[in-house]
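S.K.: The following block contains a protein sequence and its predicted model.
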Amino acid sequence: MWCYANCQQVELFLNGQSLGRQTITNYSHLHWAVKYAPGVLSAKGYTDGKVVAETKVETTGDPAAVQLTPACVAIRANGEDVNVITVSVSDAQHRIVPVASNLVHFTLSGPGKILGVGNGDPSCHELDVYIPQLATHSIPENTGWRWKQVPNIYDNRLAEFRTDFDDSSWDKTDVQSDNVQWNAEEQAVFRTKITVSESDLAAPALELCFGRIHNEGFIYVNGRRVGESNDPDVPASFDVKSFLHSGENTIAVGVANWGGPGGITKGMSLRIADHPILPEWKRSVFNGLAQILVQSTREPGEIQLTASADGLSPATVTIQSQPCAPRPLVP
């Protein structure tokens with residue numbers, strides 16, 4: 001057992017029995033050979049023969065509960081203030097279990113957010129930061145496509161790009177196939193209609209995704225140009241949420257091929273971004289301890305952080321996010 005102290009002497013005790021008093025020299029340490037026994041290992045420091053310091057460590061029981069100890073009870077609602085909260089696993093007598101490695105899960109409510117978690121274990125491979133996951137689903141839009149060769153797709157006033165253009169006499173085509181529509185160095189317009197619901201429009205993002213456009217393509221939605229594609233070897237995606245409306249929408253694609261086959265292949269789909277899946281914050285304790293960082297938003301109120309682990313009693317701590325004056329602008 002090693003002991004560091006700035007006292008003159010230190011006496012070590014195991015379960016109340018003295019293991020001897022030793023005199024310490026400056027910038028050094030003391031040590032005792034101690035046979036392990038469960039219980040209490042304590043030390044007393046002496047200066048001029050008087051006890052001036054005491055400490056102890058105890059043998060703990062099995063993990064029983066999670067504890068949360070915030071660095072402060074209140075933070076400022078400025079969107080910047082941070083509170084560091086110590087997470088510990090304790091036994092039934094509220095003593096930190098130094099060999100505990102339980103996985104602790106965290107939930108937070110109120111005007112705050114979790115910035116990160118940590119446990120000080122250099123060999124731990126768990127994440128320090130959990131990022132919301134963007135979930136998406138796609139609707140294939142490969143039916144109803146028609147096409148016709150035209151002289152010049154580079155004229156954005158072309159009637160074939162407009163919503164009210166009648167393409168019923170055009171040839172039908174399969175844009176899902178790997179086969180291109182033509183081989184000559186010519187140009188053509190492809191058209192279809194897609195239906196979008198109000199719930200689709202409420203999504204965070206809507207994208208038109210093309211498998212391949214050979215070779216150069218200009219994409220129009222409801223008569224408005226949304227983008228272009230210049231690489232036939234990679235898929236092309238376009239943010240079209242602001243161009244769509246509830247009900248039927250017209251999609252027109254002008255395609256020019258300047259050296260090889262031309263057309264649309266590998267299909268088109270409408271990709272809808274669902275609302276983000278909130279991350280599940282968690283961290284294993286190391287030597288019975290971990291930390292979690294909570295940051296305020298700009299809204300005042302109560303922030304509640306709850307920590308739970310399988311087989312252990314959970315813990316909840318409340319942090320007050322207090323109104324504060326805005327930071328003055330620096331001229």
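M.R.: Yep, that arrived.
S.K.: show me where pLDDT drops low in the protein?
M.R.: 327-331 (pLDDT under 70).
S.K.: where along this protein do the helices fall?
M.R.: 198-201 (DSSP state H).
S.K.: How is it divided into domains?
M.R.: Domain assignment for the chain by automatic domain parsing gives 2-58, 65-132+278-322, 137-273.
S.K.: Let's have these in a markdown table, adding mean neighbour count.
M.R.: Bear in mind the C-beta positions are built from the backbone N, C-alpha and C, glycine included. As requested, the domains of the chain are exported to a markdown table (neighbours: other Cβ atoms under 10 Å):
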| stretch | mean neighbour count |
| --- | --- |
| domain 2-58 | 13 |
| domain 65-132+278-322 | 17 |
| domain 137-273 | 16 |
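S.K.: Could I get the phi/psi values of residue 274?
M.R.: phi -80, psi 170 (degrees, to the nearest 10).
S.K.: count of neighbours near the residue nearest to residue 38 when sequence neighbours are not counted?
M.R.: In this structure, residue 38 finds its nearest non-sequential neighbour in residue 59, 4.1 Å apart by Cβ to Cβ, 6 or more residues apart in numbering. Number of residues near residue 59 (other Cβ atoms under 10 Å) recorded here: 14.
S.K.: how about residue 59, what does it touch?
M.R.: By Cβ atoms under 8 Å, 6 or more residues apart in numbering, the residues touching residue 59 are 38, 39, 40.
S.K.: and if you look at residue 68?
M.R.: 85, 86, 87, 305, 307, 315, 316, 317.
S.K.: State the distance from the fourth one to residue 26.
M.R.: Separation of residue 305 from residue 26 (Cβ to Cβ, to the nearest Å): 44 Å.
S.K.: just the second one next, same as before
M.R.: In this structure, residue 86 and residue 26 are separated by 33 Å, where distance is defined by Cβ to Cβ.
S.K.: Residue 152 is in contact with residue 218, correct?
M.R.: No. In this structure residue 218 lies outside contact range of residue 152 using Cβ atoms under 8 Å: 11.2 Å.
S.K.: Would you confirm that residue 291 contacts residue 86?
M.R.: Yes. Contact criterion Cβ under 8 Å: residue 291 and residue 86 qualify, at 5.8 Å.
S.K.: Show me what residue 301 bridges to in the sheet.
M.R.: The partner list for residue 301 in beta bridges (DSSP bridges) reads residue 321.
S.K.: Then residue 136?
M.R.: Here residue 136, judged by DSSP bridges, has bridge partners residue 273.
S.K.: Count the neighbours of it for me.
M.R.: Other residues close to residue 136 by other Cβ under 10 Å number 13.
S.K.: who touches it in this structure?
M.R.: Neighbours of residue 136 in contact, by Cβ under 8 Å, 6+ apart: 271, 272, 273, 274.
S.K.: Present these as JSON lines; the columns should include distance to residue 190.
M.R.: Shown next, in JSON lines, are those (distance: Cβ to Cβ, whole Å):
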{"residue": "271", "distance to residue 190": "19"}
{"residue": "272", "distance to residue 190": "22"}
{"residue": "273", "distance to residue 190": "25"}
{"residue": "274", "distance to residue 190": "29"}
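S.K.: so what's the residue lying closest to residue 101 once chain neighbours are set aside bridging to?
M.R.: If the residues on either side of it in the chain are set aside, residue 101 comes closest to residue 284, at 5.5 Å by Cβ to Cβ, 6+ apart. Beta-bridge partners of residue 284, counted by DSSP bridges, are residue 103.
S.K.: From what I see, residue 284 and residue 104 are in contact.
M.R.: Yes. The pair formed by residue 284 and residue 104 meets the contact definition of Cβ under 8 Å, at 7.2 Å.
S.K.: List the residues that are in contact with both of these two.
M.R.: With Cβ under 8 Å, 6+ apart as the test, residue 284 and residue 104 both reach residue 290.
S.K.: What distance do you get for the residue nearest the centre of the chain to residue 280?
M.R.: For the chain, residue 131 is the residue whose C-alpha lies nearest the centre (Cα atoms, centre = their mean; 0.3 Å). Separation of residue 131 from residue 280 (Cβ to Cβ): 11 Å.
S.K.: Show me where the stretch 201-331 of the chain has its strands.
M.R.: With strands called from DSSP state E, counting those that start in this stretch, the stretch 201-331 of the chain shows them at 205-214, 216-221, 224-229, 236-239, 247-256, 263-273, 281-284, 289-296, 301-308, 315-322.
S.K.: can you tell me which of these comes nearest to residue 21?
M.R.: strand 289-296 (31.9 Å; Cβ to Cβ).
S.K.: Centre of the chain to that closest one, how far?
M.R.: How far strand 289-296 lies from its chain's middle: 15 Å, per Cα atoms, centre = their mean, to the nearest Å.
S.K.: so what does it touch, helix or strand wise?
M.R.: Other helices and strands packing on strand 289-296, by 3 or more Cβ pairs under 8 Å, 6 or more residues apart in numbering; DSSP states H and E, are strand 74-76, strand 82-90, strand 103-109, strand 112-118, strand 281-284, strand 301-308.
S.K.: Show me the contact partners of the second one.
M.R.: For strand 82-90, contacts defined as Cβ under 8 Å, 6+ apart pick out 60, 63-72, 75, 96-97, 100, 102, 104, 115, 283, 285, 288-296, 305, 307, 309, 312, 317, 319.
S.K.: Cool, thanks, signing off.
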